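Novice: One predicted model, sequence on top.
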Amino acid sequence: MDQAFLALPLRRLADAALDRARRFGARHAAVQVVRTRRGQLLLRDGSTAAAAETERTALSVRLTTARGRGFAATSELTAEAAADAANRAWAVARACEPLSGDGVPFADEPVHTDATWRSAYEINPFDVPEPERAAVLGGWSRNLLASPHVSSVLAKCTAVQENRFYADLAGTTTTQQRVRVHPQVLVTGVHPRTGVVETLRSLGPPVARGWEYLGGTGWDWADEIAAMPEHLAEKLRARPVEPGSHDLVVDASNLWLTVHETVGHATELDRALGHEISYAGTTFATPDQLGHLRYGSELMTVTADRTAPHGMATTGFDDEGVAAQSWPLVENGVLTGFQFDRSTAWAVGASRSNGCAFAESSSHPPLPRMPNVSLQPSATPCRVEDLIGGVEDGVYLVGSASWSIDSRRENFQFTAQRCHRIRSGRLAEPLSGVAYQSSTTDFWNALAGLGDASTVTSFGADFCGKGRPAQAAAASHAVPPALFRGVPVLNVGGAA
Amino acid sequence: MIPAHEVVERALAAARPGDGTAVVVDEVVHAHLRWAGDTATRAGHVVERRVHVVVLTPAGTAGVVSGGGALDASGVRDLVASASAAARRPEAEGGAGPLVPADRPEAPDWREPAADAPPHALAETAAEVAEAARDFARRGRVLHGYAEHEVRTTLLGTTTGLRLRHVQPRTLLDLTARAADPPASSWAGAEVDSPAELDLPAVLASLERRLDWSARRLDLTPGRYEVLLPPSCTADLMRQLYWSAGARDAEDGRSAFAGRLGDRLSSRALTLRSDPTAPGVACDPFVVARTSGADTSVSDNGLSLGPTSWITDGVLTALVHTRASAENAGAPVTPRVGNLVLQGRGDEPSLSEMIATTRHGLLLTSLWYLRDVDPRTLLLTGLTRDGVHLVRDGEVVAAVDDFRFNESPLHLLDRVLEVGPTSVTLAREWDDERTRTAMPPLRIADFAAVGRAA
């Protein structure tokens, strides 16, 4: 645990704010101090083009009255500022009492006293001197620039360390530390004859690991970097896809984002309650459909968790002091679960939150955010080659690129980093301009095959936006490759 | 807490001799309120400070370190030392130009406390929207929304002697209304400087009018349609275009603007420009670069911003340049400005008049989830949201499905048939970004609806 964070007067700050809230007669009150360190490094063709280190620490107080809720935050970490934040939170709660229609429900949670939790990593990236970090990215860049197919390389890495202290009137106090890293490489190539410029991004995902990740723990970066020039060359000579209905084999590196957008966000209960109507949107999946909405084929089982090792949403406790859990969202194709916090649990008759409250920082109020949401693999042996082998004429997609989905999480369009035609069960020529467009339940009901447990890979999003004021969160998605029959494909890259 | 201007002075005093150092302090006060129907779901008041220190070495390398929170004197010195060390890392890319010289006197309010906004800044708004929500509910309609008032005080000081200060107020209102029978939704938004300037009755009336238009519902057949874009839709598309207009990406062949400078992008006399003093969308009058990017440079901090015309009478006339990229290209220095104004000739019909002269077309409400598909053509995919209406023989006759589209704002400019009057507007999808907009409604030919959306 970071000693500089622990050296902050966390208990004194909490006492000052909670005492004030208690004196006001708040029904519930919580204090949170969050410190976020973020290190960003960008190399352009092997030279460090930008490096930025950011450290942000703030304290927040949130409380509820009988008719309102209020939140206040400050950068100033003194007992006086903490008490003033409680004053302001109270003033905000009183100011919004005219909007007290549904009351202020808040589910109970067992008290967790002096709990601590730290995510699993070997080497804290902030313990690695920047020259060493730059040297890794520089080495990758030089290897790529040695290829005739590569004209330029952008290599970057973002490292984040979050420390969170939470205390509430009920007596829960938690202290936690999470670390994650996200290396990325973007290579550019120019077709020698046509002059067409094409780019390719690495697939290696953001992950809740330490610097050991760049050395190959959890992802074979050496292998991926070595393969990128040839993949880029394929992309440069790719032929436009014929639009129409195609069988798709979607690699885990692409499918994770489809899971994120069509299942992860669609099963957020606050969307179903209309809390996100004015921004992120709603969802077609509503509580009245629990247990009978046919989400997808029998093969589709999706789980939510905040417990998977190295998952970016994995934590010991959420930002309302709720212990981490795991639960199903879709079982054998049927909607069976939602994600919620202590304020929204009532809407599905739950007596306890499933621990999804999260705030980007102490300057943001917590709101329901996505846990790790993962598609379960086939119980019978099946490799990606087997899925491809089952397709007479189709498309194989690898890596996420562009994505867009409507405000009810139904109609979507996704593209990929690279695509191949499948002919007679084998990979054939590379394709360009491939975009698959469908509606969520049509797509998942077209699910016809899944890779087995050996094919599951965890990908994820470390900058997922939601809420007002908008805030970012990170979540991982462990998925296998999958086969979908008869999915509409567009050509968004030009004439076929 | 150390006053903001003293943070700047202490940081500059700690700078290593010979280094160029720039310090930016943002003091932000922010009140927000979010509700669904007659229930507040979030409400808050945030006071925060962020400090950004930029160090430029004599060798032309740069280091940037940022800190959030109340820094004491040693914390300020630590930030400068960290930025200095970052600027001297091995294999740092050189080429950062010198800091902007002190060509202006110290801002008269340099030592003033940061501008404030009280916790109850939105209390009146809360009472008004509560009443409106109850009124909507009585008629079977639900009002959802978000209101925000933020005041950002930015101080910028440099070792060259600049002492600049800017106060940027911003109030935002974003409303969505829903009707159950028949199912319909509508959206309206506004951005002004203070809550007192919000015209809630006008925004509510706009919502109600669109819901009333939705009493009849028809299916939409995918295909190409003439569309009327309200100013908010124009704003979302033009901001995507503006963000892609970096000169460096164009020179590298990575953007749709490669080799296009001087090209006619529209047969209409459309002008896309930025001006920090533009009425209703005033923004930072000098460059505030908290980090370097493809078309921003920390060494440009403090550079005065003036009017820039990106597209002039339909012709692409400028791309976003830092001082360094402008020098390399032999082009004028045209840094990114925090606002964007699109306008036609000035004798334009209003959106209502455009509806009245439409024989067969679609009136959009707002756009959503715009994402790059192909940066080489600026092809975007996106969706219409909260209401598309069919216009026939000059009248709105029904609501139709929202739809997905794949279009490039660059290509749309060439299909503009008519331009309305420019007004201050809220770009819906990207309203949390800082580019303020004043846009006209546009009539566009052959806008492709490729699939039904919710």
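Specialist: It's in.

Novice: Can you name the residues of the stretch 351-496 of chain A that neighbour chain B?
Specialist: Contact residues, the stretch 351-496 of chain A versus chain B (C-beta under 8 Å from any C-beta of the partner chain): A:363, A:365, A:367, A:402-408, A:410-411, A:413, A:415, A:435, A:437, A:467-470, A:490, A:492-493. All C-beta spots, glycine's among them, are computed from the backbone N, C-alpha and C.

Novice: hmm, 7 Å instead?
Specialist: With C-beta under 7 Å from any C-beta of the partner chain as the criterion, the stretch 351-496 of chain A meets chain B at residues A:363, A:365, A:367, A:402-408, A:410-411, A:413, A:415, A:435, A:437, A:468-470, A:492-493.

Novice: Please list the members of the residues you listed that lie in strands.
Specialist: In strands, judged by DSSP state E, the following of those are found: A:L367, A:S402, A:W403, A:S404, A:I405, A:N411, A:Q413, A:T415, A:A435, A:Q437.

Novice: where exactly do the helices run in the chain?
Specialist: You didn't pick a chain, so chain A it is. Assigned by DSSP state H, the helices in chain A fall at A:3-6, A:10-24, A:79-95, A:130-145, A:221-236, A:252-259, A:269-272, A:384-389, A:440-445.

Novice: Chain B was what I was after
Specialist: Ranges of helices within chain B are B:4-13, B:73-87, B:123-138, B:200-213, B:231-243, B:247-251, B:323-329, B:351-356, B:409-413, based on DSSP H.

Novice: So what touches the third one?
Specialist: Residues lying outside helix B:123-138 but in contact with it, judged by C-beta atoms under 7 Å, 6 or more residues apart in numbering or on different chains, are A:95-96, A:98-99, B:33, B:35, B:37-38, B:142-143, B:145, B:147, B:177, B:195, B:198, B:200, B:204.

Novice: The same query, at a cut-off of 8 Å, please.
Specialist: A:95-96, A:98-99, A:101, B:33, B:35, B:37-38, B:40, B:43, B:142-143, B:145, B:147, B:173, B:177, B:195, B:198, B:200, B:204 (C-beta atoms under 8 Å, 6 or more residues apart in numbering or on different chains).

Novice: Pick out the residue of the stretch 301-450 of chain A closest to chain B.
Specialist: A:R408 (3.5 Å; C-beta to the nearest C-beta).

Novice: Look at B:D236 and say how many residues are nearby.
Specialist: By other C-beta atoms under 10 Å in any protein chain shown, the residues close to B:D236 number 25.

Novice: was I right about it contacting B:L367?
Specialist: Yes: the pair B:D236 / B:L367 is scored as a contact, 4.6 Å apart, by C-beta atoms under 8 Å.

Novice: Now do the shared contacts for these two.
Specialist: Listed contacts common to B:D236 and B:L367 are B:R428, B:E429; contacts here mean C-beta under 8 Å, 6+ apart.

Novice: in the sheet, who's paired with the most centrally placed residue in chain A?
Specialist: In chain A, the residue lying closest to the centroid (C-alpha atoms, centre = their mean) is A:A475, at 2.7 Å. When assigned by DSSP bridges, A:A475 has beta-bridge partners A:A461.

Novice: Low-confidence ranges, chain B, go.
Specialist: B:431-433 (pLDDT under 70).

Novice: That one - how does it break down into domains?
Specialist: When chain B is parsed into structural domains using automatic domain parsing, the resulting residue ranges are B:4-211, B:216-454.

Novice: Please identify which of these is closest to A:L483.
Specialist: The minimum distance between A:L483 and these falls on domain B:216-454, with 22.7 Å, by C-beta to C-beta.

Novice: Would you mind listing what in the stretch 151-300 of chain B touches chain A?
Specialist: Counting by C-beta under 8 Å from any C-beta, the stretch 151-300 of chain B sits next to chain A at B:D174, B:L175, B:T176, B:R178, B:S185, B:D252, B:G253, B:R254, B:T291, B:S292, B:G293.

Novice: quick one: which of those residues is most hemmed in?
Specialist: In terms of neighbours by other C-beta under 10 Å, these top out with B:T176 at 27 neighbours.

Novice: hang on, that one packs against B:V203?
Specialist: No: assessed by C-beta under 8 Å, B:T176 is found out of contact with B:V203, at 11.2 Å.

Novice: Please see if the helix or strand bottoming out on mean pLDDT in chain A touches chain B.
Specialist: Sorting the helices and strands of chain A by mean pLDDT, DSSP states H and E puts strand A:47-64 at the bottom, at a mean of 91. Yes: with C-beta under 8 Å from any C-beta as the measure, strand A:47-64 is seen reaching chain B through A:S47, A:T48, A:A49, A:A50, A:A51, A:A52, A:E53, A:T54, A:E55, A:R56, A:T57, A:A58.

Novice: And stretch A:223-235, by the same measure?
Specialist: No: judged by C-beta under 8 Å from any C-beta, stretch A:223-235 makes no contact with chain B; its nearest approach is 12.7 Å.

Novice: tell me the mean pLDDT for that stretch?
Specialist: For stretch A:223-235, mean pLDDT is 98.

Novice: Any buried residues in that stretch, and which?
Specialist: The neighbour-count check on stretch A:223-235 (16 or more other C-beta atoms under 10 Å in any protein chain shown) flags A:I225, A:M228, A:P229, A:H231, A:L232, A:A233, A:E234, A:K235 as buried.

Novice: With distance to A:A81 added, can I get those residues in TSV?
Specialist: Shown next, in TSV, are the buried residues of stretch A:223-235 (distance: C-beta to C-beta, whole Å):
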residue	distance to A:A81
A:I225	48
A:M228	50
A:P229	54
A:H231	53
A:L232	53
A:A233	58
A:E234	57
A:K235	54
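
Novice: Touching, B:S232 and B:V424? I think so.
Specialist: No: at 10.6 Å, B:S232 and B:V424 do not qualify as touching, with contact defined as C-beta under 8 Å.

Novice: Between these two, which is the more surrounded one?
Specialist: Shown here are B:S232 and B:V424; by other C-beta under 10 Å, B:S232 has more neighbours (25 against 19).

Novice: Could you pull up the residues touching the more buried one?
Specialist: Applying C-beta under 8 Å, 6+ apart to B:S232 gives the contacts B:G189, B:T365, B:S366, B:L367, B:T425, B:L426, B:A427, B:R428, B:M439.

Novice: Could you tell me which residues make contact with the residue nearest to the fifth one when sequence neighbours are not counted?
Specialist: In other words, B:T425. Leaving aside its sequence neighbours, B:T425 sits nearest to B:P231 (C-beta to C-beta, 6 or more residues apart in numbering or on different chains; 3.8 Å). Residues near B:P231 by C-beta under 8 Å, 6+ apart: B:G420, B:T422, B:S423, B:T425, B:T437, B:A438, B:M439, B:P440, B:P441.
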